[in-house]
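Novice: how does the following fold in three dimensions:
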Amino acid sequence: MTIKPLADRVVVKPSEAEEKTSGGIILPDTAKEKPQEGTIIAVGPGKVSESGAKVNMEVKVGDKVLYGKYSGTEITIDGVEHLIMRESDILAVLN
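Specialist: Numbering: from 1, shown residues only. Model (predicted):
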(Lines give C-alpha, C1' and ligand atoms only; values in the text may rest on other atoms or scores of the structure.)
Protein backbone atom coordinates (compact mmCIF):
# COMPACT_ATOMS: atom_id res chain seq x y z
CA MET A 1 0.00 0.00 0.00
CA THR A 2 1.23 3.51 -0.74
CA ILE A 3 0.29 6.59 1.24
CA LYS A 4 0.35 10.23 0.20
CA PRO A 5 -0.02 12.69 3.08
CA LEU A 6 -2.00 15.88 2.51
CA ALA A 7 -0.96 19.50 3.11
CA ASP A 8 1.99 19.84 5.52
CA ARG A 9 1.89 16.29 6.87
CA VAL A 10 4.66 13.68 6.74
CA VAL A 11 4.79 9.92 7.33
CA VAL A 12 7.64 8.82 9.60
CA LYS A 13 8.94 5.30 10.26
CA PRO A 14 10.15 5.36 13.88
CA SER A 15 13.58 3.97 14.72
CA GLU A 16 13.70 0.73 16.69
CA ALA A 17 13.54 1.06 20.48
CA GLU A 18 16.78 0.39 22.33
CA GLU A 19 17.16 -3.24 23.40
CA LYS A 20 19.92 -2.51 25.96
CA THR A 21 20.93 0.35 28.20
CA SER A 22 24.37 1.93 27.88
CA GLY A 23 25.40 -0.19 30.87
CA GLY A 24 24.44 -3.42 29.04
CA ILE A 25 21.16 -4.19 30.82
CA ILE A 26 18.62 -5.83 28.48
CA LEU A 27 15.26 -4.06 28.64
CA PRO A 28 11.92 -5.91 28.55
CA ASP A 29 9.28 -4.65 26.11
CA THR A 30 7.34 -2.92 28.89
CA ALA A 31 10.37 -0.80 29.91
CA LYS A 32 11.39 0.34 26.42
CA GLU A 33 10.84 4.01 25.72
CA LYS A 34 8.97 5.11 22.64
CA PRO A 35 11.59 6.29 20.11
CA GLN A 36 11.63 9.99 19.26
CA GLU A 37 13.48 9.75 15.97
CA GLY A 38 12.74 8.18 12.65
CA THR A 39 13.01 8.37 8.87
CA ILE A 40 10.57 10.22 6.64
CA ILE A 41 8.99 7.91 4.05
CA ALA A 42 6.38 10.27 2.52
CA VAL A 43 5.90 14.04 2.37
CA GLY A 44 2.82 16.10 1.53
CA PRO A 45 2.86 18.91 -1.04
CA GLY A 46 2.96 21.72 1.56
CA LYS A 47 0.31 24.01 2.95
CA VAL A 48 -1.27 27.15 1.58
CA SER A 49 -0.79 30.30 3.67
CA GLU A 50 -3.59 32.73 4.53
CA SER A 51 -2.45 34.98 1.67
CA GLY A 52 -2.86 32.09 -0.78
CA ALA A 53 0.85 31.40 -1.36
CA LYS A 54 2.06 27.81 -1.24
CA VAL A 55 4.56 27.11 1.55
CA ASN A 56 6.97 24.35 0.48
CA MET A 57 8.06 21.59 2.85
CA GLU A 58 11.50 21.89 4.46
CA VAL A 59 11.93 18.12 4.93
CA LYS A 60 12.17 15.45 2.26
CA VAL A 61 11.87 11.68 1.94
CA GLY A 62 14.85 9.95 3.53
CA ASP A 63 15.58 12.63 6.15
CA LYS A 64 16.24 11.35 9.68
CA VAL A 65 14.23 13.52 12.05
CA LEU A 66 13.71 14.11 15.75
CA TYR A 67 10.10 14.69 16.85
CA GLY A 68 8.16 15.33 20.05
CA LYS A 69 7.49 12.43 22.40
CA TYR A 70 3.72 12.37 21.85
CA SER A 71 3.66 13.71 18.28
CA GLY A 72 1.65 12.25 15.46
CA THR A 73 -0.95 9.58 14.97
CA GLU A 74 0.06 5.91 14.82
CA ILE A 75 -0.90 4.08 11.63
CA THR A 76 -0.05 0.64 10.26
CA ILE A 77 1.16 0.28 6.66
CA ASP A 78 1.72 -3.29 5.43
CA GLY A 79 2.02 -4.52 9.03
CA VAL A 80 4.64 -1.92 10.03
CA GLU A 81 3.92 0.88 12.53
CA HIS A 82 4.36 4.45 11.25
CA LEU A 83 3.46 7.94 12.44
CA ILE A 84 1.70 10.63 10.46
CA MET A 85 2.31 14.16 11.76
CA ARG A 86 2.48 17.79 10.75
CA GLU A 87 5.84 19.20 9.70
CA SER A 88 5.63 21.59 12.68
CA ASP A 89 5.79 18.55 15.04
CA ILE A 90 9.32 17.83 13.77
CA LEU A 91 11.91 19.36 16.06
CA ALA A 92 15.09 18.82 13.99
CA VAL A 93 16.63 17.06 11.01
CA LEU A 94 19.53 14.79 12.01
CA ASN A 95 22.69 14.41 9.89
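
Novice: pLDDT score for Ile25?
Specialist: At Ile25, the model reports a pLDDT of 74.

Novice: one more: Asn56?
Specialist: For Asn56, the predicted pLDDT is 92.

Novice: how about the contacts made by the closest residue to it other than its chain neighbours?
Specialist: Leaving aside its sequence neighbours, Asn56 sits nearest to Gly46 (C-beta to C-beta, 6 or more residues apart in numbering; 4.8 Å). (Glycine included, C-beta is placed from N, CA and C.) In this structure, Gly46 makes contact with Ala7, Asp8, Lys54, Val55, Asn56, Met57, judged by C-beta atoms under 8 Å, 6 or more residues apart in numbering.

Novice: got the phi and psi for the third one?
Specialist: Read it as Lys54. Dihedral angles of Lys54 (phi, psi; degrees, to the nearest 10) stand at phi -80, psi 130.

Novice: picking that back up, now, of the contacts of Gly46, which are buried?
Specialist: Asp8, Met57 (16 or more other C-beta atoms under 10 Å).

Novice: quick one: the strands in this protein, in order.
Specialist: Under the criterion DSSP state E, strands of the chain are mapped to 9-14, 37-43, 47-48, 54-55, 64-67, 73-77, 80-86, 90-94.

Novice: my guess is Val10 contacts Thr39. True?
Specialist: No. With contact defined as C-beta atoms under 8 Å, Val10 does not count as touching Thr39 (10.4 Å).

Novice: which residues touch Val55?
Specialist: Per C-beta under 8 Å, 6+ apart, neighbours of Val55: Asp8, Gly46, Lys47, Val48, Ser49.

Novice: as JSON lines, those with pLDDT and distance to Leu83 would be great.
Specialist: Below are these laid out as JSON lines (pLDDT from 0 to 100; distance: C-beta to C-beta, whole Å):
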{"residue": "Asp8", "pLDDT": "95", "distance to Leu83": "15"}
{"residue": "Gly46", "pLDDT": "94", "distance to Leu83": "19"}
{"residue": "Lys47", "pLDDT": "92", "distance to Leu83": "19"}
{"residue": "Val48", "pLDDT": "90", "distance to Leu83": "24"}
{"residue": "Ser49", "pLDDT": "89", "distance to Leu83": "25"}
